[in-house]
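> one predicted model, sequence on top.
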Amino acid sequence: MDRGLGIDLGGTNVRAAVVDRSTGALMAVQREPLVDRSPEAVTAVTVGVVRAAAKAAGTDPSALGRVGCGVAGQCLGDTGTVINAPNLGWRDVPFGPMLAKALGGAVRMVNDLSAAAWGELQFGAARGASDVALVFVGSGVGCGLILGGQLHQGAGGIAGELGHTKVQTESGGVAPRRCGCGELGCLEAYLGGVALAGRVREELGRGAVSSIRDRVEGGLGRVGAAAVEAAYVQGDTYAVALWEELGELLGMAIANLITLLNPARVVLGGGVLSGCPSLVEIATRWVQSATSRSALAQVTLVPSRLGDDAGVIGAAILPGR
Ligand SMILES: [Zn+2]
């Protein structure tokens, strides 16, 4: 059997899986939360989950060849350097070389959504298409691109940063929100689950009226996209206005992506999108009205099929060196 080892390094945990490269099936998966996010500690935890996953699959990491690793951040693919990973608090961390040294073997690093897009292309919702945009909204907003059947990473490996495209400028009359990347007015600063929860807490704390307050047990600290979705369904005025605003932002971003790239499929996933059908419905209406007619006629919007496993599967089967 042809097996590969994939790693998915997020902001809160790291997963490693041994994957059957011919079917995409998970042979063994291990996950560990990240308590200490220093590069050294994350390297040690990652090596631990890699060894545990290999052991659970009855093998050794050295027998599985090059390891693929998707990281929630901007990644210089050729060097394995993580330029900016807000959720890990990393800037210019040579994680690829650190991990390769600790594992004693080759590592290929890509953005986590690039890995997920590759996974969906080979074994998931993008199968059979050669031009695909994957849009995931979870704690952040990410995008992976397949163009002409190839993973598109740009000149330095940082293409597809849809979450950091700007949707609000300082001249707009409304102060743009600051993103975790440090810049102002990014899409992620509005739509990402972490930013969204922060904004709802802030607005309810300032006295905004909404049933969301009664929906979250344990106080506003636990508010999230799911509570807004539930309030929206009940017609809560605050939630309706928020979803209309964010659905438009998401829909316009996807519409522009489709007009620009002419994909055959847009795969939607991540915790916020899979848990908030009303938000997706509003965004889809905007996609239908704002996408160039000719590009719209050739694209289908589909939900992710591999879900949380897309990144780890894609990482295990990455092409190239
Ligand atoms: Zn940003």
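Yes, it's here.
> when you work out contacts or count neighbours from here on, use the C-alpha atoms and nothing else.
Fine.
> give the contact list for residue 54.
By C-alpha atoms under 8 Å, 6 or more residues apart in numbering, the contact set of residue 54 is 5, 17, 18, 28, 60, 61.
> and it, what's its pLDDT?
As predicted, residue 54 sits at a pLDDT of 96.
> repeat for residue 112
Residue 112 is given a pLDDT of 94.
> residue 142 too?
pLDDT at residue 142 comes out at 93.
> shouldn't it be in contact with residue 165?
No - counting by C-alpha atoms under 8 Å, residue 142 stays clear of residue 165, with 10.6 Å between them.
> in the stretch 201-321 of the chain, which spans are strands?
Assigned by DSSP state E, counting those that start in this stretch, the strands in the stretch 201-321 of the chain fall at 265-269, 300-303.
> hey, which of those is tucked in deepest?
Most buried of those, by mean neighbour count (mean count of other C-alpha atoms under 10 Å): strand 265-269, with a mean of 23.
> parallel or antiparallel, list what pairs with that strand.
Here strand 265-269 has these sheet partners by DSSP bridges: strand 132-137 (parallel), strand 300-303 (parallel).
> next structured bit after the longest one?
Spelled out, that is strand 132-137. strand 141-147 (DSSP states H and E).
> do that next one and the ion meet at all?
No - contact of strand 141-147 with the ion (C-alpha under 5 Å from the ion) is absent, the minimum separation being 9.2 Å.
> which secondary structure elements does that strand sit against?
Applying 3 or more C-alpha pairs under 8 Å, 6 or more residues apart in numbering; DSSP states H and E, we find strand 141-147 packed against helix 112-123, strand 132-137.
> could you check the angle helix 112-123 makes with that strand?
50 degrees (axes from the mean of the first three to the mean of the last three C-alpha atoms, to 10 degrees).
> what strand or helix carries the residue lying closest to residue 179 once chain neighbours are set aside?
Nearest non-adjacent residue to residue 179, counting by C-alpha to C-alpha, 6 or more residues apart in numbering: residue 189, 4.5 Å away. Per DSSP H and E, residue 189 falls inside helix 188-191.
> can you tell me if that helix touches the ion.
No - against the ion, helix 188-191 shows no contacts by C-alpha under 5 Å from the ion, the least distance being 6.1 Å.
> got any ranges where this protein has weak pLDDT?
Scanning the chain with the threshold set as pLDDT under 70 gives 218, 321.
> max-length helix in the protein?
In the chain, taking DSSP state H as the definition, the longest helix is helix 237-261.
> run the angle between that one and strand 132-137 for me.
Angle, helix 237-261 to strand 132-137, by the same axes, to 10 degrees: 160 degrees.
> now helix 237-261, how far from the chain's geometric center?
17 Å (C-alpha atoms, centre = their mean, to the nearest Å).
> and for stretch 286-303?
Here stretch 286-303 is found 21 Å from its chain centre; the criterion is C-alpha atoms, centre = their mean.
> how about it as PDB, C-alpha atoms only?
The C-alpha trace of stretch 286-303 is given here as PDB (Å, rounded to 0.1, in the frame of the first residue of the first chain):
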ATOM      1  CA  TRP A 286     -24.700  37.900  -3.500                       C
ATOM      2  CA  VAL A 287     -22.600  35.500  -5.500                       C
ATOM      3  CA  GLN A 288     -25.500  35.100  -7.900                       C
ATOM      4  CA  SER A 289     -26.100  38.800  -8.300                       C
ATOM      5  CA  ALA A 290     -22.500  40.100  -8.300                       C
ATOM      6  CA  THR A 291     -20.500  37.500 -10.300                       C
ATOM      7  CA  SER A 292     -19.800  38.200 -14.000                       C
ATOM      8  CA  ARG A 293     -22.600  36.400 -15.900                       C
ATOM      9  CA  SER A 294     -20.300  34.300 -18.100                       C
ATOM     10  CA  ALA A 295     -18.200  33.100 -15.100                       C
ATOM     11  CA  LEU A 296     -21.300  32.400 -13.000                       C
ATOM     12  CA  ALA A 297     -22.700  30.100 -15.700                       C
ATOM     13  CA  GLN A 298     -19.600  27.800 -15.400                       C
ATOM     14  CA  VAL A 299     -19.300  27.500 -11.600                       C
ATOM     15  CA  THR A 300     -20.900  25.400  -8.900                       C
ATOM     16  CA  LEU A 301     -20.700  26.200  -5.200                       C
ATOM     17  CA  VAL A 302     -20.400  23.000  -3.200                       C
ATOM     18  CA  PRO A 303     -19.900  22.100   0.500                       C
END
